[in-house]
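Colleague: pasting the sequence and the predicted model now:
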Amino acid sequence: MSDFPEFEVIPAVDVQDGEVVQLVGGERGTGKRYGDPVAAAERWIEAGARTLHLVDLDGAFEGKRVNADAIESVVESVPDDTGLQLGGGIRTAEGARELLDMGLDRVILGTAAVESPEIVAEIDETHPGSVVVSLDAKDGEVVVSGWTEGTGLDPAAAAARYEELGVGAILFTNVDVEGQLEGIDREAVASVVEAVDVPVIASGGVASVDDVVALKAAGAAAVVVGTALYEGEFTLREAQNAADER
C-alpha cells in the first residue's frame, strides 16, 4: 500500500510519553501536548483522513520503540481501510515485519536505513513496497538519531540510492522549518521528487493551505501535517479540497 493514487493530506499523530506532541525544529522538550493518541486518530478519521502518520518520538530519540502500547491502541481503534504508517525506533528488519504483520501498512525507517541500507531490501523481500525511508534534512544534509547527527548525505542522492534498494516511498522532512508554522521549502522537496520515481511524502513547515497546494505542485504524492492542524490554522477538509481542485 505504498502508492498514493491521489494526493493526500496526512495528519501526524506524534506520540511522546503516551500523549500527542508536536515538536518545534525537532528539539526535544519543545513540544506542545494535544492529548490522547486514540482520540486524535479518531478525530482525524472523522475529518476525512485516509492515512495516519504515527511517530514514536521517544523511540526516535532512544533507538527503540517506547510508546508501543499507545501506538497499538491506535492501530486497534481505526477502521481497517485506514492507511497507517509508523516511524520512530524501528531498527531491525524483524521488528519492522512484526509491525507490518500487526496491521500497519508502511514502516518508516530513518537512522536504521542510513546506518544499514540493506535493511530496506530485507524487509522488501517479505513485504514489498512497505518501507518508507525517512530523509530528514537540516542545513541541506540528512540527519539521524532524532535529528541530532549529521551524515553528510545529500537528500536527493540518498533518495535515489534507496529507490534502487526497493523502497516504497520517501518521507522528506525539512527539519529547519519543522513545527514552526513559517512555511515550506518547496525547492528542497522538488529536488528529491526529481531524483526518484517512487512517491515522495513531504513534511515540515506547513503553515497554510497554500503550502499544501505548493507541495502538490512540487510533485509530492502526499504531505504530512501536524502543528497547523492541531492549532486550527486550517481544517483537514479545507486542505484536501484545495489540493484536489489544483
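Modeller: That came through, no problem.
Colleague: then stretch 34-43 to PDB, C-alphas only?
Modeller: These are the backbone C-alpha positions of stretch 34-43, laid out as PDB (Å, rounded to 0.1, in the frame of the first residue of the first chain):
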ATOM      1  CA  TYR A  34      -2.500  17.600  22.400                       C
ATOM      2  CA  GLY A  35      -3.900  14.700  24.500                       C
ATOM      3  CA  ASP A  36      -4.700  11.100  23.800                       C
ATOM      4  CA  PRO A  37      -3.400   9.500  20.600                       C
ATOM      5  CA  VAL A  38      -6.500   7.300  20.100                       C
ATOM      6  CA  ALA A  39      -8.800  10.400  20.400                       C
ATOM      7  CA  ALA A  40      -6.600  12.300  17.900                       C
ATOM      8  CA  ALA A  41      -6.600   9.400  15.400                       C
ATOM      9  CA  GLU A  42     -10.400   9.100  15.700                       C
ATOM     10  CA  ARG A  43     -10.800  12.900  15.200                       C
END
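Colleague: could you tell me which residues within the strand or helix carrying Glu42 count as buried?
Modeller: In the assignment (DSSP states H and E), Glu42 maps to helix 37-46. Under the neighbour-count criterion of 16 or more other C-beta atoms under 10 Å, helix 37-46 has Pro37, Val38, Ala40, Ala41, Arg43, Trp44, Ile45 buried. (Each C-beta comes from the backbone N, C-alpha and C, glycine too.)
Colleague: from those residues, which is closest to Val196?
Modeller: Proximity of these to Val196 (C-beta to C-beta) peaks at Trp44, which lies at 27.5 Å.
Colleague: which parts of the protein are helices?
Modeller: According to DSSP state H, the chain carries its helices in the segments 37-46, 57-62, 68-77, 93-102, 111-115, 118-126, 155-164, 186-195, 209-217, 227-230, 236-245.
Colleague: what's the closest of these to Val143?
Modeller: By C-beta to C-beta (comparing all of those), the closest turns out to be helix 111-115, at 9.2 Å.
Colleague: state the mean pLDDT of that closest one.
Modeller: For helix 111-115, mean pLDDT is 87.
Colleague: could you export stretch 90-105 as CSV, CA atoms only?
Modeller: Output of stretch 90-105 as CSV, limited to C-alpha atoms (Å, rounded to 0.1, in the frame of the first residue of the first chain):
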residue,chain,number,x,y,z
ILE,A,90,12.3,0.7,14.3
ARG,A,91,15.9,-0.5,13.9
THR,A,92,15.6,-4.2,12.7
ALA,A,93,14.0,-6.0,9.8
GLU,A,94,12.4,-8.4,12.2
GLY,A,95,10.9,-5.5,14.2
ALA,A,96,9.6,-4.0,11.1
ARG,A,97,8.0,-7.2,9.9
GLU,A,98,6.2,-7.7,13.3
LEU,A,99,4.6,-4.2,12.9
LEU,A,100,3.5,-4.9,9.3
ASP,A,101,2.0,-8.2,10.4
MET,A,102,0.2,-6.3,13.2
GLY,A,103,-1.7,-4.3,10.7
LEU,A,104,0.5,-1.3,9.7
ASP,A,105,0.7,-0.6,6.0
